[in-house]
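# My questions are about this predicted structure, shown below with the sequence.
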Amino acid sequence: MKAYRTIEDVLRSPWAGKPAPGAERVSTDRVLRSSRLEDSIYQDLRAGDDALDDIEHSAAEKLRSFPALSRDVFQSFYSLMPKRNDPATLSAAARKFNARILDHVTQSEDYPTLKAVCEGQELPAYEAASEFVSRTAGELDDLLGDTGGKGALNTLEKLEQAEARAEEELAGLMERLQQAQDRNETLEQAVISAANAAESKRRQVEAVGRMIDTGAAQNKEALTALVGRAVSAAAEKAEEVQSIISAWSDEAGDLEKSEVNTEILETVRGSAVLKNISQYLGRFREIFAQGKRNGYAYGRGEKYSLELGRDLSRAITSELAMLASPLTMPLLLRKYQNRQIKQYQRREPVFKGMGDIICCLDESFSTKGDPAAWGKAVALTLLEIAASSRRSFALIHFAGSERFKTDVFRPGEYALADKIAAAETFLNGSTDFETPLKESLRLMREEGFENADIVFVTDGECSLSDDFTSELLAEQKARRFTVTGILLDKGKGSMDFSLRGFCQNVYRTSELSGDAIVQSLVSNRV
């Protein structure tokens, strides 16, 4: 039925007081606003990404607003505080589909993790957005089906365009009617017809919009699951990028797109071994960086660290400041009782290994996989410690008798390719301790590794001959070096092992976590 039968009906309707639409009514597919700088960053990241171009082009055939969704996803990951455009300015597809997808993204359980990695970090944000877009494009038919289908969105968009034209026509006729000095029945009838047409289009738009909203509500769980999987994959990709760059870049905190970072990502992603090492190395490098930040100069330049205890004579100033107020004094006493006071760590009168560093790394067949990756990460962290104070470093890969390979790293004389080559080396075979220890002594005698600090990483047992044991102990006394042993015995129960015979300090993964062992190695060498 027609809503308006007389000109009085039209004049009493909302149409009479509605302002005329602007001459140029422009809608946008972008749900989120972005600055010129953010647009410039995104364009730079997109340059040369033909794969994403193909994905967007193919998806746009099904959903015209998909490329804008791709841009908005990056914005939601990268921006500190994503801001939305006015819903009135959005196209139908952006309002009913893109905005809804972005709502599911921000409500996903993995979104906080993703934001923690991507916020303000262009490379992880872009890689994560690309992964999300790729996953979403592959399931676009299902996503559209859950919101009423591609046809419903297209219909809504056409109806909204028709509604806008009808409103414009009605506004023009109403203006003519107001300007007319005499009553014109023909003009009044035209106004009535235009008002009924505009009202009809408005009702159709509302009906199709409700149908889409109903479909989305009925399929909310399916939508949430589809988008949640894509967000989860995006978070994994972002963490992978962060892990790889943190592990292998000279500037671990630089997550911008650069030729160096692009090359690192391509190289590491092409090697399962390097990817596995990256899971540990990035975290170990952060432990080392934290260790350097916690160090301080004291007296005549001696290097100290912080530790927890209850020696008030070594407590740091901020702890002693709690004595100044009756309100904070109980807190200090509680920390004192629990040995939680931050205090300066004294340097013990032992040989601390501040010379060169030698790492003997067991690469027998039993270490293949995760133990080997962990050991390589430890070795590369020790290399970083040596490089930070311009000390030489040697990595001795060892397996069976007389089976070893030595990589020597002199300060400023090696590149990333040398580190990667050492990381990808794996000898395989049985276990022999004498071979790497003999090689360590040779490095001290012939290669200038004086006052060297030896770290010995193994997962097995091996006995040393009496003659070599005597020689090793004599060399230790004469050259004043220590050997730190790390036994990879987690999950192996109580092992009878032979590190005690020549190691001054022994760490066992069955007793300490990997991070705790690295923390201790760093604190004793920084």
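Cool, the structure landed.
# From the rest of the structure, what touches the helix or strand containing Leu265?
If you go by DSSP states H and E, Leu265 is part of helix 259-269. Helix 259-269 is contacted from outside by 123, 241, 244-245, 247-250, 254-255, 274-275, 278, 416, 420, using CB atoms under 8 Å, 6 or more residues apart in numbering. C-betas here are computed from N, CA, C, even on glycine.
# Out of the helices and strands in the chain, which is least certain?
strand 296-298 (a mean of 44; mean pLDDT, DSSP states H and E).
# Would you show me how to pick out the buried ones of the contacts of helix 259-269 in ChimeraX?
Entered in ChimeraX, the line below selects the buried ones among these, by 16 or more other CB atoms under 10 Å:
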select :123,241,244,245,247,248,249,255,274,275,278,420
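# Narrow the contacts of helix 259-269 to those in helices?
123, 241, 244-245, 247-248, 274-275, 278, 416, 420 (DSSP state H).
# Next, format the residues you listed as CSV and append pLDDT.
Formatted as CSV, the ones in helices among the contacts of helix 259-269 follow (pLDDT from 0 to 100):
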residue, pLDDT
Leu123, 93
Val241, 93
Ile244, 93
Ile245, 93
Ala247, 92
Trp248, 93
Leu274, 95
Lys275, 93
Ser278, 94
Leu416, 92
Ile420, 95
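# If you count neighbours, what's buried in stretch 49-66?
Applying 16+ other CB under 10 Å to stretch 49-66 flags 52, 55-56, 59-60, 63-66 as buried.
# Revised request: answer the last question for stretch 123-141.
123-137, 140.
# So among these, where is pLDDT lowest?
Lowest pLDDT of those: Leu140, 85.
# you'd agree that residue is up against Lys62?
Yes - taking CB atoms under 8 Å as the definition, Leu140 is a contact partner of Lys62 at 5.5 Å.
# Quick one: the helices in the stretch 201-350 of the chain, in order.
With DSSP state H, counting those that start in this stretch as the criterion, the stretch 201-350 of the chain has helices at 220-248, 259-269, 272-294, 317-320, 329-337.
# Tell me which of the ones you listed lies nearest to Val378.
helix 272-294 (6.9 Å; CB to CB).
# helices or strands up against that closest one?
In terms of contacts (3 or more CB pairs under 8 Å, 6 or more residues apart in numbering; DSSP states H and E), helix 272-294 is packed against helix 220-248, helix 259-269, strand 302-309, helix 370-388, helix 416-424, helix 514-523.
# To Lys2, which of the ones you listed lies closest?
Nearest to Lys2 among these is helix 220-248; the distance by CB to CB comes to 37.3 Å.
# how about the strands in this structure?
Per DSSP state E, the chain carries strands over the ranges 296-298, 302-309, 341-345, 357-362, 393-398, 404-409, 453-458, 483-487, 505-508.
# among these, which is nearest Glu185?
strand 341-345 (91.8 Å).
# tell me the two of the buried residues of stretch 123-141 that are most distant?
Between any two of the buried residues of stretch 123-141 (CB to CB), the greatest distance is 25.9 Å, for Leu123 and Leu140.
# And the pLDDT at the residue nearest to Thr509 when sequence neighbours are not counted?
Distances taken as CB to CB, 6 or more residues apart in numbering place Lys490 nearest to Thr509, at 4.0 Å, with adjacent residues excluded. Predicted confidence (pLDDT) for Lys490: 81.
# Could you do Ser271 as well?
Taking Ser271 on its own, its pLDDT is 93.
# returning to what we had before: and the residue nearest to Thr509, how many residues sit next to it?
16 (other CB atoms under 10 Å).
# Phi and psi next, for it.
Note on Lys490: backbone dihedrals following degrees, to the nearest 10 are phi -60, psi 130.
# Confirm for me that it is in contact with Tyr507.
No - between Lys490 and Tyr507 there is no contact under CB under 8 Å: 11.3 Å.
# that older thread, Leu312: which of the ones in helices among the contacts of helix 259-269 is nearest?
Ala247 (40.8 Å).
# roughly how far apart are the residue lying farthest from the centre of the chain and Asp9?
Within the chain, the residue lying farthest from the chain centre (CA atoms, centre = their mean) is Asp182, at 72.1 Å. When distance is defined by CB to CB, to the nearest Å, Asp182 is 21 Å away from Asp9.
# again with Arg269
68 Å.
# Among the buried residues of stretch 123-141, which ones are in helices?
Checking those against DSSP H, those in helices are 123-137, 140.
# coming back round to it: turn the strands of the chain into JSON lines, including mean neighbour count.
JSON lines is the format used below for these (neighbours: other CB atoms under 10 Å):
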{"stretch": "strand 296-298", "mean neighbour count": "11"}
{"stretch": "strand 302-309", "mean neighbour count": "14"}
{"stretch": "strand 341-345", "mean neighbour count": "17"}
{"stretch": "strand 357-362", "mean neighbour count": "27"}
{"stretch": "strand 393-398", "mean neighbour count": "25"}
{"stretch": "strand 404-409", "mean neighbour count": "19"}
{"stretch": "strand 453-458", "mean neighbour count": "26"}
{"stretch": "strand 483-487", "mean neighbour count": "24"}
{"stretch": "strand 505-508", "mean neighbour count": "18"}
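# Pipe the ones you listed into TSV and attach distance to Arg229 per row.
Shown next, in TSV, are those (distance: least, CB to CB, whole Å):
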stretch	distance to Arg229
strand 296-298	48
strand 302-309	43
strand 341-345	44
strand 357-362	39
strand 393-398	41
strand 404-409	42
strand 453-458	39
strand 483-487	39
strand 505-508	40
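# who wins for proximity to Arg334 among the ones you listed?
Among the strands of the chain, strand 341-345 sits nearest to Arg334 (CB to CB), with 10.1 Å.
# export the closest one as CSV, just CAs?
Only the C-alpha atoms of strand 341-345 are listed here, as CSV (Å, rounded to 0.1, in the frame of the first residue of the first chain):
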residue,chain,number,x,y,z
ILE,A,341,66.1,-7.3,48.4
LYS,A,342,67.8,-6.0,45.3
GLN,A,343,71.5,-5.9,46.0
TYR,A,344,74.7,-5.5,44.1
GLN,A,345,76.4,-8.8,43.2
